[in-house]
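# Provide a 3D model corresponding to the input given below.
(one chain, ligands or ions: 1)
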Amino acid sequence: MANIDKIRDDLENFKINVAEDLERYRLHFLSKKSELQTLLSEIKNVPVEERKSFGQKVNELKKRAQAYFDEQMERLESAVQTQSSSVDVTRPATALELGSRHPISIMMDEVCRIFERIGFTTVSGPDIEDDWHIFTALNFAEEHPARDMQDTFFIDQKPDIALRTHTSTLQVRTMEKQKPPIRVICPGRVFRNESITSRAHCIFHQMEGLYIDENVSFADMKQTLMYFAKQMFGENTRIRLRPSYFPFTEPSAEMDVSCNICGGKGCALCKHTGWVEILGCGMVDPNVLENCGIDSKKYTGFAFGLGIERMTMLKYKTDDIRLYFENDVRFLQQFSSAKI
Ligand code: DAH
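Coordinates of the predicted model:
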């Protein structure tokens, strides 16, 4: 009987605040090993005359313990529900801002696709290069003023190493690895120590093209570049080749396309000429072929280097190259039709 009273006291003093308390309560009063359960199994050993009232009390206590447990469990459960119902699950979610592809990336992909359709393969190579791949293999003579055509970022401690000034380095890397026939297109970032203006930047992108096989002619080059210009800027686009000089090609030319910003009438981008220069090109100099281990008596080829920023400006009718490097989302969002 004393035990019953003690358990009743314990029960009344037991505070249930959180779910863990409820579990402790269950173990203490309702589990098989609890004192209350032991008392229940003890009923049969109590002398007959006391058994009835003892049994009643223990059972009553058991009921009470169970009822309190059920009540507290319900209370805790409904508290959890009220808490979570303060979140309105039907409210529209805050939209995740999606980025868009950078116009320069869009353009580089597009150029690759156009050349891949006529059998070119895309390859890439390092931004940090050695003198051999930037200049020497490409027929720039030692101390030749042509090395000054491109203002190079050199590395003080290592005079042989520089940031590549053009993607023509990839012509050399490809020919060193691969035997003709070669048809590659090589996109990449290039660096020049130039002051930044609306038309020039010290970091920009180029795309090198190289085609080496037997009997490749200047006419093949012209036809390939015309195909490219029309695919990129539309059927009505016209091209013109102007004689030029590059140490690695002979003969060399620069190619202009008709300006599609002003339609030929004259504007800032075409410097009021109606034409915009987009690439340098020419027949690969035999010295370059030989430097890269290719027999110049058997093979000929053409190469070209496209300026990606200039073409992107033309295609998207933008008149300031700096916009491509500032990462102003108001500018970049305009290309969101190409969202990934
Ligand atoms: N590398 C030249 C430049 O950066 C562009 C160029 C001209 C590339 C003629 C060529 C080429 O492959 O044949 O100005």
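# longest helix anywhere in this structure?
helix 48-84 (DSSP state H).
# wait, does stretch 299-319 contact the ligand?
Yes - part of stretch 299-319 sits near the ligand under the criterion Cβ under 6 Å from any ligand atom, namely 303-305. For every residue, glycine as well, the C-beta is placed using N, CA and C.
# so of the residues you listed, which ones are in strands?
303-305 (DSSP state E).
# quick one on the thing from earlier: for the record, mean pLDDT for the longest helix of the chain?
Mean pLDDT, helix 48-84: 86.
# next: stretch 309-324.
Averaging pLDDT along stretch 309-324 gives 88.
# ok, residues contacting that stretch?
102-104, 107, 111, 196-201, 204-205, 232-233, 257, 259-261, 268-269, 276-278, 331, 335 (Cβ atoms under 8 Å, 6 or more residues apart in numbering).
# in strands only, show me those residues.
204-205, 257, 276-278.
# need those residues in TSV (columns: distance to residue 289).
Listed next are those as TSV, based on distance: Cβ to Cβ, whole Å:
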residue	distance to residue 289
204	28
205	26
257	29
276	31
277	26
278	25
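# where does the stretch 151-300 of the chain have low pLDDT?
Of all residues in the stretch 151-300 of the chain, none has pLDDT under 70.
# what residues does the protein put near the ligand?
So the chain meets the ligand at 166, 168, 208, 246, 249, 280-282, 303-305 (Cβ under 6 Å from any ligand atom).
# gap between the spatially most central residue of the chain and residue 112?
For the chain, residue 101 is the residue whose C-alpha lies nearest the centre (Cα atoms, centre = their mean; 8.5 Å). Using Cβ to Cβ, to the nearest Å, residue 101 is found at 14 Å from residue 112.
# identify the contacts common to these two.
Contacts common to residue 101 and residue 112, judged by Cβ under 8 Å, 6+ apart, are absent.
# for the stretch 101-250 of the chain, just list every one of the helices.
Remark: helices assigned in the stretch 101-250 of the chain by DSSP state H, counting those that start in this stretch are 103-116, 131-134, 169-177, 218-233.
# identify the spatial nearest neighbour of the residue in the stretch 51-200 of the chain positioned nearest to the ligand, chain neighbours not counted.
In the stretch 51-200 of the chain, the residue that lies nearest the ligand is residue 166 (3.3 Å; Cβ to the nearest ligand atom). Distance criterion Cβ to Cβ, 6 or more residues apart in numbering; nearest residue to residue 166, sequence neighbours excluded, is residue 190 at 5.6 Å.
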